[in-house]
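In: Return a 3D structure for these sequence lines:
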Amino acid sequence: MNKTILHWSYLNFKDVPMDLFLYEDLEEVYLKENYISVIPKWLLNITTLKFIHLAGNNLSELPVDIYMLENLEFLDVSNNELTELPKTLGLLLRLQQLNVSGNQLTELPVELNTLRNLEHLNIAKNQFRRLPLQLSECVRLNELNVSDNEALLHLPERIANLPMLQSLAADRCALVYLPAALSKFMNQVRIFHNTSVNYIPMIYERFYQNFFDNRQKVTPISISKKGLFWVRELESQKRLLLPVGTRNVFRVPSPENRVTLYDDCLHALQTMNRHLPVYENAALHRLLPEPYMSAHINNGPIARCTTTNCSRCLYTTYYFMVVKRRGSASKQLFTCNFCTHNCALQWLSSNAKKYYQLDWKVSDDDDGDDEDVVGGHDDNNGDND
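Out: Residues are numbered from 1 along each chain as shown. Model (predicted):
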């Protein structure tokens, strides 16, 4: 039979019908909302397949030999019972869209880094606690959905800053702060329903609406202080957790040229990273004199300069402001990060009628606790002002 597309959804199949073999040059097959529990090995021999839709079945695993579908461009196995993905998914080099949402996954294989043609990735409604940095090597990724992973604390800046990323969804996770290094081409963001986040980086301002102030009640999360950088905003007495990797921040106004040569070196390494993943270079990491340097290389840029016509990547040291909207009933705090004092003054000059600065100070660990609370008011924790 000469037919390239089959629609066999909602037919109560318990197995993939072997009748598929009757169709020469089959490219697309829809088998969603059936009761299929296994992808048979013989299906992997139909190498003409480009599109497989198996959402809403009873799959508990994907076959290790799935790489045999060498022409596959679209795979949807959402709303099944998967607990892990085979490493061989990374061998589907033509794959453009992958949907594994609504399963029971806890980890993504690092081997997905070879999917250089991947454009859409949906891993929502799983049980991820972290995402692999290697995902940042999927350089064509333009749509990422990680929403409803209730244990996901951190979205790596390397991933949020992917060069072609245009749509990011990370609602209803456990994010303790929003990544301030965001792709320049981002045009859709759904990330504000994370109830431990107590400030919004200015890079998200164009996506933020005041009705987000009425989102679900803030849920404080206790996390270790070690290796983290906090400031206290002095009007509301909120502690703000700055991006992981921050070593120092400077007020505006303050003396010129305080950003370090160390950050310039990290920027040079980031440029090299476009051609070779520097964070995976074990020989380089062994040569570094201090262990924390490896972490900074791995993190990559942790923010972008808030000044629109600059947007330079920032690494460990930057100028910092906390601001609020003038004439607004919203209590939302926004933060700004700048590469130079001149960029900060330029932004202030352009936005003084819309925003006003709030005072802040670096929050020392003078309470002696090993943990702090992110989200909401924590007036009884920390410094005595």
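In: only C-alpha atoms for contact and neighbour calcs from this point on.
Out: Will do.
In: how about Asp65, secondary structure?
Out: Here Asp65 is recorded as helix under DSSP: H, G, I helix; E, B strand; the rest coil.
In: Report the central residue of the chain.
Out: Leu155 (3.7 Å; Cα atoms, centre = their mean).
In: for that residue, helix, strand, or coil?
Out: Per three-state DSSP, Leu155 ends up coil.
In: do Thr335 as well
Out: Thr335 - assigned by three-state DSSP - is strand.
In: Residues in a beta bridge with it, which ones?
Out: Pro201, Val322 (DSSP bridges).
In: Return the residues in contact with the closest residue to Ile123 other than its chain neighbours.
Out: Nearest residue to Ile123, sequence neighbours excluded (Cα to Cα, 6 or more residues apart in numbering): Ser101, at 4.5 Å. Applying Cα atoms under 8 Å, 6 or more residues apart in numbering to Ser101 gives the contacts 77-79, 122-126.
In: so which of these is the most crowded?
Out: Using other Cα atoms under 10 Å as the neighbour criterion, Ala124 leads the contacts of Ser101 with 26 neighbours.
In: Confirm that it sits in a strand.
Out: No - per three-state DSSP, Ala124 lies outside any strand segment and is coil.
In: what about Ser196, how many neighbours?
Out: By other Cα under 10 Å, the residues close to Ser196 number 22.
In: what's the answer for Gln209, then?
Out: 10.
In: Check Leu112 too.
Out: 23.
In: Help me confirm that it comes into contact with Leu133.
Out: No - counting by Cα atoms under 8 Å, Leu112 does not reach Leu133; the two are 10.6 Å apart.
In: sorry, back to before: go through the contacts of Ser101 and name the one nearest Leu333.
Out: Leu333 lies nearest to Ala124 out of the contacts of Ser101, by Cα to Cα, at 27.7 Å.
In: give the contact list for the closest one.
Out: 100-102, 145-149.
In: Report the buried residues of the longest helix seen in the chain.
Out: In the chain, with assignment by DSSP state H, the single longest helix is helix 261-273. Residues of helix 261-273 classed as buried: 263, 266-267, 269-270, 273 (neighbour count, 16 or more other Cα atoms under 10 Å).
In: which one in the residues you listed is the model shakiest on?
Out: Within the buried residues of helix 261-273, Asn273 has the lowest pLDDT, namely 67.
In: Enumerate every residue touching the residue nearest to the centre of the chain.
Out: By Cα under 8 Å, 6+ apart, the residues touching Leu155 are 130-131, 175, 178-179.
In: Measure how buried Leu153 is and give me the count.
Out: Leu153: 21 neighbours (other Cα under 10 Å).
In: Bridged to Leu144, which residues?
Out: Per DSSP bridges, the residues bridged to Leu144 are Leu121, Leu168.
In: That one contacts Asp171, doesn't it?
Out: No - using Cα under 8 Å, Leu144 is not in contact with Asp171, being 11.8 Å away.
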